[in-house]
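[1] Pasting the sequence and the predicted model now:
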Amino acid sequence: MSFHALGLSDELLAAVADSGYNEPTPIQRQAIPLVLMGRDIIGVAQTGTGKTASFVLPMIDILAHGRGRARMPRSLIIAPTRELADQVAQNFLKYGKNHNLSMALLIGGVSFGDQDKALEKGVDVLIATPGRLLDQFERGKILLSGVDILVIDEADRMLDMGFIPDVERICSLLGPNRQSLLFSATMAPPIKKLADRFLNDPRMIEVARQSSTNANIAQSLLMTGARDKRDTLRELLRAEEVTSAIVFCNRKRDVNDLADSLKRYGFRAGQIHGDMEQRDRLSTLEDFKADRISILVASDVAARGLDIKGVSHIFNYDVPFNAEDYVHRIGRTGRAGKTGIAVTLVTSADADLVADIEKLIGARIERRGAAPLETGSESKAAGKDGGDKDAAPARGRSRGGRRTKGGDRKAAAPAPEIVAAPVPEPEPEPEPKAARESKAAPAPVPAPARPTPAPKAAPRAARDEDIDDGTWNGPVPDFLSVSARD
DNA sequence: AAAAAAT
């Protein structure tokens, strides 16, 4: 089936063809005809499903006739983050190149000047984050009563970020005769309520069940000590065939620190988080897209919706606090039919979080890697000091590592020796690369599920950083399959 | 435990 059957104009089809797309995705097939008919829709779809084009394309054709009047945008798209808003704007530019539509992007962190000018002239398409939109509304710069089409993008994210009251406020400012499209990865009760209140007899389109992770993504967990994370990550970055990777941290400070560290080690890395200047956020993204950097260290500002081509790997430097965020983070890879690899660094403190994730995705994630040396034997008694009360029956533990899908990996390396000495600093970083690299490297990262160059690292001598309560010590507890909550 | 968004 091609785009031609969907009822779009020839100019639009030409722009789509120029973008290299031949076949509509399932959500596009379902949504585009409905939107063209003027129906309200609820699209339950994950990002990466072609969701954006499913509303951008029909909107361009609907808006093709007519003209935006001053301060009265004809359509409004609200997105939770600035980058997502920008991404939607890029889509309008790409697909609208044969149309003469005016557009304004209303996001925080950028000056009012251009935004004001565009609004004053009148726009067909207004794309905004809620905060700046309401700000501009209160300044009297926009009238929302002329909006014929409203899109609420990534509603579940809006919910997580506490934007629902803002969104409700915005909805209540719009005129009654409009078409509304709502997209969300989940239909949590507050979102359902929002839809009930502001949508008119919506058709529900469901593409992929939420919390189902993309089958194109090979996921694994890699056990590591809390103080070994940087070593482990660098090792991974070298062992894997990384063409471009996003490394997620839970904290903005760690994003900065880790990115700086990687740069010191010679990696082409950059960072993005919400405390950075908007200019820098966007330029880092551009650098990443243009392959001027290959590693993007990011906070969850980049977890959802960002559509960057060719991301080969996702590394969770920290296990995300929200299980949903895990799904979104790894969803930045394996897009558009490609395969992707997602590796999550796990320390003993992350047991509950991992349990939550596995519960959400309804699957056990493959454990990769050497558990640190089993000091005990394989005897049943070993289970006791591992903290796994209800030891699983057929766990197939073996010395030096746990069983993985492909059988015992011989890569299971001697684990760091535990020495009893006080821990000075987490990591004495600013050492020149050469000096540091020549040192024995950390425990090799075991081979992933698909063939990659063998890790070149050899077992190393214990260092101070090795001492760490987060280190896996003793038998590997099976907590990872035990649900910790409820 | 954090991050996101208006100044």
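    It's in.

[2] how distant is stretch A:161-171 from the center of its chain?
    Distance of stretch A:161-171 from the chain centroid (CA atoms, centre = their mean, to the nearest Å) equals 22 Å.

[3] now the helices: where do they sit in the stretch 151-300 of chain A?
    A:155-160, A:164-173, A:189-198, A:229-239, A:252-264, A:278-289 (DSSP state H, counting those that start in this stretch).

[4] so who does residue A:289 touch?
    Counting by CB atoms under 8 Å, 6 or more residues apart in numbering, residue A:289 touches A:308-309. (Each C-beta comes from the backbone N, C-alpha and C, glycine too.)

[5] again, only this time at 7 Å
    For residue A:289, the contacting residues are residue A:308, by CB atoms under 7 Å, 6 or more residues apart in numbering.

[6] pLDDT wise, what is it at?
    With respect to pLDDT, residue A:289 scores 92.

[7] same check, this time on residue A:105
    93.

[8] cool, residue A:359 as well?
    pLDDT recorded at residue A:359 is 88.

[9] Strands along the stretch 51-200 of chain A, start to end?
    All strands of the stretch 51-200 of chain A, identified by DSSP state E, counting those that start in this stretch, fall at A:75-78, A:103-106, A:125-128, A:149-152, A:179-184.

[10] Which of the ones you listed sits closest to residue A:34?
    Residue A:34 lies closest, by CB to CB, to one member of these: strand A:179-184, at 9.1 Å.

[11] Including distance to DNA strand B, could the helices of the stretch 151-300 of chain A go into TSV?
    As requested, the helices of the stretch 151-300 of chain A are exported to TSV (distance: least, CB to the nearest atom of the strand, whole Å):
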stretch	distance to DNA strand B
helix A:155-160	6
helix A:164-173	8
helix A:189-198	14
helix A:229-239	15
helix A:252-264	4
helix A:278-289	8
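
[12] Can you say which of the ones you listed is nearest to residue A:65?
    Here helix A:164-173 is closest among the helices of the stretch 151-300 of chain A (CB to CB), at 24.8 Å.

[13] And that closest one, what does it pack against?
    helix A:130-138, helix A:189-198 (3 or more CB pairs under 7 Å, 6 or more residues apart in numbering; DSSP states H and E).

[14] Output these in TSV; the columns should cover mean neighbour count.
    Below are these laid out as TSV (neighbours: other CB atoms under 10 Å):
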stretch	mean neighbour count
helix A:130-138	18
helix A:189-198	15
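
[15] okay if I get the ones you listed as CSV plus mean pLDDT?
    Formatted as CSV, the helices and strands packed on helix A:164-173 follow (pLDDT from 0 to 100):
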stretch, mean pLDDT
helix A:130-138, 93
helix A:189-198, 92
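
[16] Turn those into a markdown table, including distance to residue A:20.
    Shown next, in a markdown table, are the helices and strands packed on helix A:164-173 (distance: least, CB to CB, whole Å):
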| stretch | distance to residue A:20 |
| --- | --- |
| helix A:130-138 | 32 |
| helix A:189-198 | 33 |
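
[17] Would you format the strands of the stretch 51-200 of chain A as a markdown table with distance to residue A:237 and mean neighbour count included?
    Below are the strands of the stretch 51-200 of chain A laid out as a markdown table (distance: least, CB to CB, whole Å; neighbours: other CB atoms under 10 Å):
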| stretch | distance to residue A:237 | mean neighbour count |
| --- | --- | --- |
| strand A:75-78 | 36 | 27 |
| strand A:103-106 | 34 | 24 |
| strand A:125-128 | 35 | 26 |
| strand A:149-152 | 38 | 25 |
| strand A:179-184 | 34 | 24 |
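
[18] can you redo these as JSON lines with distance to DNA strand B?
    Formatted as JSON lines, the strands of the stretch 51-200 of chain A follow (distance: least, CB to the nearest atom of the strand, whole Å):
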{"stretch": "strand A:75-78", "distance to DNA strand B": "9"}
{"stretch": "strand A:103-106", "distance to DNA strand B": "7"}
{"stretch": "strand A:125-128", "distance to DNA strand B": "7"}
{"stretch": "strand A:149-152", "distance to DNA strand B": "14"}
{"stretch": "strand A:179-184", "distance to DNA strand B": "16"}
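
[19] Any chance of CSV for these, columns distance to residue A:218?
    Compiled in CSV, the strands of the stretch 51-200 of chain A are given as follows (distance: least, CB to CB, whole Å):
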stretch, distance to residue A:218
strand A:75-78, 34
strand A:103-106, 36
strand A:125-128, 35
strand A:149-152, 33
strand A:179-184, 27
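
[20] my read is residue A:341 is in a strand, agree?
    Yes: membership of residue A:341 in a strand is supported by DSSP: H, G, I helix; E, B strand; the rest coil.
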